[in-house]
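1. The sequence and its predicted three-dimensional model are supplied below.
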Amino acid sequence: MFKKLLLFFFLLCLQNTWSQIEISRVVSVYSYMNFRNNSFEDNSVKTEGSQYIDNTFYSSSFTCISQATPPIRYNTYKEEMEFMIEDKLYYLDKNENCEMTINNLTYKYFTNYDSKNNDGYLIILTKSKDSKYILYKKEKVKFVPAYTPGSSYAEEKPPKYVVDKSKYFIKIQDTLTAFPEKKSELIKLFPNNKEAIELYLKDNKIKFNEDSSLLLLINFLNTL
């Protein structure tokens, strides 16, 4: 029994030592980046769907880092930016002062970005940083628990990840606000420009749930 305990502690110490070596190795490669190990995840329960909208690792660039950075992917469900080193997964530390571009999409991390005080990465849709109003898009993946029917007539369903409806936000004088989802809400947000907005919406078929359509609208608002 004593020998088994010694073996257990030896293996535990060996594992900790190896982990420190792995971290040191990553630090030496990307010493200018802040990151952490990915957390343990229980994969024993089969879950349909994916935590990612796109699980490909893409080349990346950062506004706060001049050196070359590793390929990165966005775990939409976990709100984590991930990268791999020697088949091991790491997470980037969140940084509100840094923008990152992955696969031609530029992300920025926000804390308390909505009325529910959620934190997460938002896509910057407005390209010009000098714009009066900036449009952001929030993508979401939600977890749907398993369904166990109360009778034998209904079908049992496994847990799954589902891509949720995207939400849009507008930055007005350094304040992030949910972008209106209909005409009346938009006019309420810009009461001084009611007539101009009504005329624009009458002449243009704006869809409040499409990137390209909302970009046209935000470009118009920037001219007011």
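-> Thanks, I have the structure now.
2. CA only for contacts and neighbour counts going forward, please
-> Will do.
3. Centroid-nearest residue for this protein?
-> For the chain, the residue nearest the mean C-alpha position is Tyr121 (3.7 Å; Cα atoms, centre = their mean).
4. ok, now which ones touch that one?
-> By Cα atoms under 8 Å, 6 or more residues apart in numbering, the residues touching Tyr121 are 79, 107-110, 138.
5. go with 10 Å
-> 74, 76, 79-81, 94, 96, 99, 106-111, 113, 136-140 (Cα atoms under 10 Å, 6 or more residues apart in numbering).
6. helix or strand for it, which one?
-> Following DSSP states H and E, one finds Tyr121 within strand 120-124.
7. same thing with Asn219?
-> helix 211-221.
8. thinking again about what came up before, can you give the strand pairings for the following helix or strand past the strand holding Tyr121, parallel or anti for each?
-> Moving toward the C-terminus from strand 120-124, the next helix or strand (DSSP H and E) is strand 133-138. Paired neighbours of strand 133-138 in the sheet (DSSP bridges): strand 120-124 (antiparallel), strand 167-172 (antiparallel).
9. can I get the ones you listed in a markdown table with mean pLDDT?
-> Shown next, in a markdown table, are the strands paired with strand 133-138 (pLDDT from 0 to 100):
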| stretch | mean pLDDT |
| --- | --- |
| strand 120-124 | 97 |
| strand 167-172 | 96 |
